[in-house]
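Engineer: A predicted structure for the sequence below; I have some questions about it.
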Amino acid sequence: MLSQRILARRLPQLAARQAIAPPAHHSLRFQLSNGGYQNPPRVKRAFRDPYGGWWDAQEKRNFGEPVHEENEILGVFSPEQYTHVPAGKGFLHLGIWVAAFLSVCGVVSLYYPDKPSVPKVYVDGLEKELGGPNAVPARKAGEDKW
């Protein structure tokens, strides 16, 4: 994505350089590298005008229009660049969401009850069950074995 941005900024400069006729050996080398096929500009079809009156409205192409050699990347059904929100604004939105979520967690932790609202009450206060003065001993005094 970064290389495409750099390329998009440099395209006008490169186009101005190419306005001057290239030397003969350059065009010969170009013809030998891809068989003389003239590649159209590298533009994703999703970014073309949807109301352009295309012959193929789905692919946004006209009949007989040359196809770029990277057509599978530039076609309509290829993954397209996400251009709705810039990266900085997206990270800002993400940070705001995380801060709001952690704030809600903090507020809930302050007001969340840690114990039941009414403690359970026993008749004798569990004195016998917890081993109070009237509890039955587990062993007799001086007895080491079960």
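Structural biologist: Done, it's in. Residues are numbered from 1 along each chain as shown.

Engineer: the helices in the protein, which residues?
Structural biologist: Under the criterion DSSP state H, the chain contains helices at 2-18, 24-34, 71-74, 87-111.

Engineer: ok, of the ones you listed, where does mean pLDDT dip lowest?
Structural biologist: Ranked by mean pLDDT, the helices of the chain bottom out at helix 24-34, with a mean of 51.

Engineer: contacting residues around the closest residue to Pro133 other than its chain neighbours?
Structural biologist: Take Pro133 and drop its neighbours on the chain: the residue closest to it by C-beta to C-beta, 6 or more residues apart in numbering is Glu127, 7.4 Å away. All C-beta atoms are positioned from the backbone trio N, CA, C, and that covers glycine. Glu127 makes contacts with Pro133, Asn134, Ala135, as judged by C-beta atoms under 8 Å, 6 or more residues apart in numbering.

Engineer: how far away is the first one from Gly125?
Structural biologist: Separation of Pro133 from Gly125 (C-beta to C-beta, to the nearest Å): 12 Å.

Engineer: which one of those two has more residues nearby?
Structural biologist: In this view Pro133 and Gly125 are compared by other C-beta atoms under 10 Å, and Gly125 has more residues nearby, 10 against 6.
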